[in-house]
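K.L.:
Next one to model:
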Amino acid sequence: MILIRQSSSTAETECNAEGQTNYTLPKLREKSESISSETSNGYLNEAEVTWQAFDEEADTQSTQSTHMDVTTDPQSQGSLLLSHNEALAGPECALPSHSAPPSYHHHNHYHYPQNPPASPALLVHTECPRDCPLEDTMHQSVLHMPHHLDSSECLADDVSIIAGGTLTGWHADSAFVLWRRILGILGDVNSIRCPKIHAKVFSYLYELWHKLAKIRDNLGISVDNQSSPPQPAFIPPLRMLASWLFRATMLPAEYKAGKLQAYKLICEMMTRHQDVLPNSDFLVHLYYIIHKGFSSDDQDVLNTIICSCSPRFFYLGLPGFTMLIGDFITAAACVLSSVSPEAPRMEAQTVLGSLVCFPNLYLQIPVLQHVPGSEEILVGNEDIKDYLVNILLETATKEHCEGARCIAVCSLGLWVCEELMQKNIHQQVKDAINVLAVTLKFGNKAVAQVACDVFHLLISHWEQLKRFESNLPKKIIEIFVATIAFLLPSAEHSTVEADKKLMVSLLLCLLDWCMAVPLSLLLEPITMPSVDERTSHKAPLLDYIYRVLHCCVSGSTLHTQQSHYLLSLSDLSNDYDLMLGQVKSFEPPPSQSTTTDFGNLLTVAEEKRRRHMELIPLTARMVMTHLVNHLGHHPLSGGPALLHSLVSENHDNPFVESSELSSEVFKSPNLQLFVFNDSTLVSYLQIPTETPTVGQPPNTSSQVRVIVRDISGKYSWDGAILYCTTPEDSVDMGVFSAVDRPLSTTTIAHSRNQPQSPTKGPHKKKFSVSDSLSDCCEEEEVDVLDKLMEDLGHSSSECLTQPQLQLNQPASSPHGMNIEQESAIREAILRQTQEEEEQVRRWDADVSCRAACQGEPSYQDPKAPFYFCRLLLNDLGMNSWDRRKSFHLLKKNSKLLRELKNLDSRQCRETHKIAVFYIGEGQEDKCSILSNSAGSQAYEDFVSGLGWEVDLATHCGFMGGLQRNGSTGLTAPYYATSTVEAIFHVSTRMPSDSDDSLTKKLRHLGNDEVHIVWSEHTRDYRRGIIPTDFGDVLLIIYPMKNHMYFIQIMKKPQVPFFGPLFNGAIITGTLLPSLVRATCINASRAVKSRLTLYQSFYEERALYLEAIVQNHREVMTFEDFASQVFSPSPGYPMSGTD
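P.N.:
As a prediction, the model looks like this:
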């Protein structure tokens, strides 16, 4: 065991291999900054002592006086170990001595020692002077301790007697020393001559190392999961066997089995987390051994290294590891080109995929190059991007292993995303997109599904794609249209579930692409020249999108007779004619069924079969409805969290007092519910209109509200009857107003607008007697007859009966009439005149004798509560007999009310809730992890990139179970498109000030199917730290030293493959949030796809709508229908029995 102690001073505490504490001089500390490649574990500032085998004569000494012999002579050590080998394996099995190691030169030419140290003994190491040759340095640092260090300094009083101390009895260090001495009896195992025995020994060493590794993994683990224990003081020497392993890789070919075991153990040893980094001497040997293995002609060696040396080797970031990147790429390509069934194809493809982001980070990666015919190794700087991309393009089209092919497609997608973030985009991005596009129609549906997921990921980069090539986003949409048309005939009649799911994924991806790009791009003509030449007019791309969707709904045979109705793959350019190799399918293990009822199993199978047959038309219908409602209209002014209407029939209803949808609504005389085309629920509601503001036209007292519920969501429209657009027009046109106007005003308004008669135009006046008379009559009251007679006497004297008598002068009294008679007659005449005038005045006062005035009719507000709804229905043609086949009433009862509430509570988008954990350094238990209230800056930047922060108290979108009262935090990251909602349950956003808060936090986080774990701990995350029955997928992020991030994905066996990230991927920080979010959404889909009878959001809504239509559609005569439309009434019982 090895003691690790931390100290800020240069004189740190050291312990030897048996746990013996000693304090060395500061000058020794200054030389112990790195760790040698000794056969021990090589931990920093550790004194490691070689235990000599006791001579036979030493056995006579008492146990109390036993002491340690520190080896100072390497030759004697070697001879002693050799004697042990001869004693163990016999003289006939002893190997001859190997040749001396070559020398070391500068100027980028390296000669690595052929023979690493032979003994696995634990040794004291200090760094040798720089002028020492490399082989002498390694020999001294590995085989013996410095000459200036006295062995007495390694002794202490707190260790057992067998370890050189004074303590009696059995102790842990006693067990370790005894075990170490027994192991030392083996001597140099590479001296064994028999290859079978040699291989057997190394298989035992492999098992031994795994036991030590397991011991190390179990050290420092919380027992009660309530608190994290301190770092262990003693750790196993995991690099103790390194020199044996190094030398075993250089043995002749007959020792192949042992060499393969050595390579395997070296790779597994160096892909673990290194508690203390090895020094440069150790790394020189390590890199030399790995390079020699990659340069080997033995395919088994390549397979072993690629299989055992995972991308964790790059994650550890050992000094100078980039020199091996070229070797890794070449070796992985060699493995993938092999036809051997034992070749680790998935591991090789994972290695290639983990390196796609390195060329842009390390612009000139040093590559080790072997000089043929010599042992020299040159170091050159080459751009490996083209080399890597060409291999990825080839494997993405020709790889025959399904798992490796999926990883290759994901790797190609990651590389495209990485390049699109650069200023200068690589030209082979177009080739990569072509390969991905061709893969969409690939026969293996799992591979095609991964390609579809990659295109889903590229939606967020459509602007960069357009910058790279202006028509590229439109071409991608055209490819989807043509691919759907190509796959539809076989998929719609297929009984294979994967065929249906791929078509659904293609349709949904097409929808997301249409919603992401500008509407103007969809209205542009298609880019296929062959189609444009054959058609008389250039139809827009949106037209072809609706065509293929219509074919999906109605069947592929609908338009087969119409040439060029749909885009086909033959219309695409020659870039999409790539030949794809065949892939061997791999079916995931079936999920465990909890039921044993055979009848139930048959029912489930039949139901699944029925749904799958209707899945493609249903999805296409949803896509069409979604495009009609949201294309160019998302996000709304209220934000992307709001997609559908929150208005119900009880809102603004003057006949309903309840704030929720209740049975009181159905008693309203202003509401009627209909079903249209057996797929859409339509509610017509007449509500009071709002008071118009200044500048708006006058409104009627009521308006119509139409609430539509269909497969894509719920929508509400308010409308009012309109006769004009401005108040001025209403006055000029005589339009009715909500406020009655005075009659005179109305009359003036009408007369103002009457045209002039052509006969009443202006003319010149002429004087006449009648005009003068009328003028005089207007000035004062005179006797007109008297005036006329006077004028005639002056103007025509011949009319005078007597010359002296004017015509207007009264004549003389008649003969025989006296004055009394004349007075009586005059009085009678005046009296009669007075009576006549009095009668006229009475007639004038009597209204019945007056002619009635024709007034303008005034506006009358309709009193019927459903009048305007009836008017709108009539204008839309819904009251006609022809519409009776598709337009029906719904029964108003309590069952319908419950089902409407249930339908409104369903989501109108795909929803996901994802847990996010932060693990700091040294946190090994759930309490410390859940108690984190903040993380590092990199973690906070990552969380902010997952989505935008929303206030939970006012958030109107998907909540994922979070509360509005602040008990689960105030904010949460939220992400939404028109088809997907995702909310992240971030552990650092939730309160953790009490045990109840921690319990509630664990309940929310643990119940999520997908967990994101950000770990800054030096140890790997263990699944059992957060105990939960859920967490089917764990995506663990480990920050690296070079600001890249290593991804580890742990999933349950029944969860199918998903992308774009894969286990072992290494990506940059700029891509991290978007890639993690996309991967988690795909992982959530993969988990849900394994659930029995799982339904997507639109399938669920379709089933609810179908149930409402079947159970509550009212069958009635046309007369009854017209009567209910004219005057709705709750003529149905509310008990829910009908």
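K.L.:
contacts and neighbour counts: CA atoms only from here.
P.N.:
Noted.
K.L.:
low-confidence ranges in this structure?
P.N.:
Scanning the chain for pLDDT under 70 picks out 1-157, 368-382, 528-537, 558-565, 569-612, 691-699, 724-781, 813-814, 1130-1138.
K.L.:
Wait, residue 926 touches residue 224, no?
P.N.:
No: with contacts counted by Cα atoms under 8 Å, residue 926 stays clear of residue 224, the gap being 9.6 Å.
K.L.:
More neighbours: these two, which one.
P.N.:
Legend: neighbour count by other Cα atoms under 10 Å for residue 926 and residue 224, higher for residue 926 (21 against 9).
K.L.:
so how far is residue 1015 from the more buried one?
P.N.:
Residue 926 sits 13 Å away from residue 1015, taking Cα to Cα, to the nearest Å as the criterion.
K.L.:
Pull up the overlap in contacts between those two.
P.N.:
Counting by Cα atoms under 8 Å, 6 or more residues apart in numbering, residue 926 and residue 1015 have no shared contacts at all.
K.L.:
quick one, helices of the stretch 701-850 of the chain?
P.N.:
Assigned by DSSP state H, counting those that start in this stretch, the stretch 701-850 of the chain shows helices spanning 727-732, 743-752, 769-779, 784-795, 819-845.
K.L.:
hmm, I was thinking of the stretch 451-600 of the chain
P.N.:
With helices called from DSSP H, counting those that start in this stretch, the stretch 451-600 of the chain shows them at 462-468, 472-491, 497-516, 519-522, 529-534, 541-554, 598-630.
K.L.:
out of those, nearest to residue 1080?
P.N.:
In terms of Cα to Cα, the element of the helices of the stretch 451-600 of the chain nearest to residue 1080 is helix 497-516, at 16.3 Å.
K.L.:
So what's the residue count around residue 835?
P.N.:
Around residue 835 there are 12 residues (other Cα under 10 Å).
K.L.:
Next up, the contacts around residue 270.
P.N.:
When contacts are counted by Cα under 8 Å, 6+ apart, residue 270 touches residue 313.
K.L.:
Contacts for stretch 195-213, please.
P.N.:
Under Cα under 8 Å, 6+ apart, the answer for stretch 195-213 is 189-190, 192, 236-238, 254-255, 257-259, 261-262, 265.
K.L.:
List the buried residues for it?
P.N.:
Residues of stretch 195-213 classed as buried: 195, 197-199, 201-203, 205-206, 209-210, 212-213 (neighbour count, 16 or more other Cα atoms under 10 Å).
K.L.:
From those, which land in helices?
P.N.:
Using DSSP state H, the members of the buried residues of stretch 195-213 that fall in helices are 195, 197-199, 201-203, 205-206, 209-210, 212-213.
K.L.:
Could you dump the residues you listed into JSON lines and include distance to residue 541?
P.N.:
Shown next, in JSON lines, are these (distance: Cα to Cα, whole Å):
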{"residue": "195", "distance to residue 541": "70"}
{"residue": "197", "distance to residue 541": "71"}
{"residue": "198", "distance to residue 541": "69"}
{"residue": "199", "distance to residue 541": "66"}
{"residue": "201", "distance to residue 541": "69"}
{"residue": "202", "distance to residue 541": "66"}
{"residue": "203", "distance to residue 541": "64"}
{"residue": "205", "distance to residue 541": "66"}
{"residue": "206", "distance to residue 541": "62"}
{"residue": "209", "distance to residue 541": "63"}
{"residue": "210", "distance to residue 541": "60"}
{"residue": "212", "distance to residue 541": "64"}
{"residue": "213", "distance to residue 541": "60"}
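K.L.:
the helices in the stretch 101-250 of the chain, which residues?
P.N.:
For the stretch 101-250 of the chain, the helices defined by DSSP H, counting those that start in this stretch occupy 134-143, 172-184, 195-218, 242-248.
K.L.:
With residue 430 as the reference, name the closest of those.
P.N.:
Closest to residue 430 of the helices of the stretch 101-250 of the chain, according to Cα to Cα: helix 242-248, at 44.8 Å.
K.L.:
now stretch 483-498: how far from the chain's centre is it?
P.N.:
Offset of stretch 483-498 from its chain centre (Cα atoms, centre = their mean, to the nearest Å): 26 Å.
K.L.:
What are the buried residues along it?
P.N.:
Judged by neighbour count using 16+ other Cα under 10 Å, the buried positions of stretch 483-498 are 483-488, 491-492, 498.
K.L.:
rewinding a little: among the helices of the stretch 451-600 of the chain, which comes closest to residue 1077?
P.N.:
Residue 1077 sits nearest to helix 497-516 of all the helices of the stretch 451-600 of the chain, at 15.9 Å, using Cα to Cα.
K.L.:
how close does residue 409 sit to residue 426?
P.N.:
18 Å.
K.L.:
More neighbours: these two, which one.
P.N.:
Neighbours were counted for residue 409 and for residue 426 using other Cα under 10 Å; residue 409 has more, 31 against 15.
K.L.:
Please compute how far the host helix or strand of that one lies from its chain's middle.
P.N.:
Using DSSP states H and E, residue 409 falls within helix 402-420. Helix 402-420 sits 18 Å away from the centroid of its parent chain (Cα atoms, centre = their mean).
K.L.:
helices or strands next to that helix in the packing?
P.N.:
Here helix 402-420 touches helix 345-354, helix 385-398, helix 429-439, helix 445-458, going by 3 or more Cα pairs under 8 Å, 6 or more residues apart in numbering; DSSP states H and E.
K.L.:
chain center to the second one: distance?
P.N.:
If I follow you right, that is helix 385-398. With Cα atoms, centre = their mean as the basis, helix 385-398 stands 27 Å off its chain's centre.
K.L.:
Please point out which parts of that helix sit buried.
P.N.:
By neighbour count with 16+ other Cα under 10 Å, helix 385-398 contains the buried residues 385, 388-389, 391-393, 395-398.
K.L.:
can you check the first one too?
P.N.:
When neighbours are counted by 16+ other Cα under 10 Å, the buried residues of helix 345-354 are found to be 345-354.
K.L.:
List just the nearest of these to residue 809.
P.N.:
Nearest to residue 809 among the buried residues of helix 345-354 is residue 353, at 135.5 Å by Cα to Cα.
K.L.:
and that closest one, how far is that from residue 439?
P.N.:
18 Å.
K.L.:
again with residue 660
P.N.:
Separation of residue 660 from residue 439 (Cα to Cα) stands at 51 Å.
K.L.:
And for residue 890?
P.N.:
Taking Cα to Cα, one finds residue 890 at 48 Å from residue 439.
K.L.:
go on, residue 819?
P.N.:
136 Å.
K.L.:
ditto for residue 283
P.N.:
For residue 283, the distance to residue 439 (Cα to Cα) stands at 42 Å.
K.L.:
Could you check which of those two has the larger neighbour count?
P.N.:
Counted by other Cα under 10 Å, residue 283 and residue 439 do not tie: residue 439 has more neighbours, with 25 against 19.
K.L.:
burial of the nearest residue to that one once chain neighbours are set aside, as a residue count?
P.N.:
Nearest residue to residue 439, sequence neighbours excluded (Cα to Cα, 6 or more residues apart in numbering): residue 448, at 5.4 Å. Using other Cα under 10 Å, the number of residues around residue 448 comes to 23.
K.L.:
oh, and call the first residue 57 from now on, that's how I've got it
P.N.:
Happy to do that; since the first residue is 57 now, the last one works out to residue 504.
K.L.:
Now do the contacts for residue 504.
P.N.:
495-498, 558.
K.L.:
Just give me the closest of those residues to residue 1041.
P.N.:
residue 558 (30.0 Å).
K.L.:
Relative to its centre, which residue of the chain is most distant?
P.N.:
The outermost residue of the chain relative to its centre, with distances by Cα atoms, centre = their mean, is residue 872 at 129.8 Å.
K.L.:
Return the residues in contact with it.
P.N.:
Shown in contact with residue 872 (Cα under 8 Å, 6+ apart): no residues.
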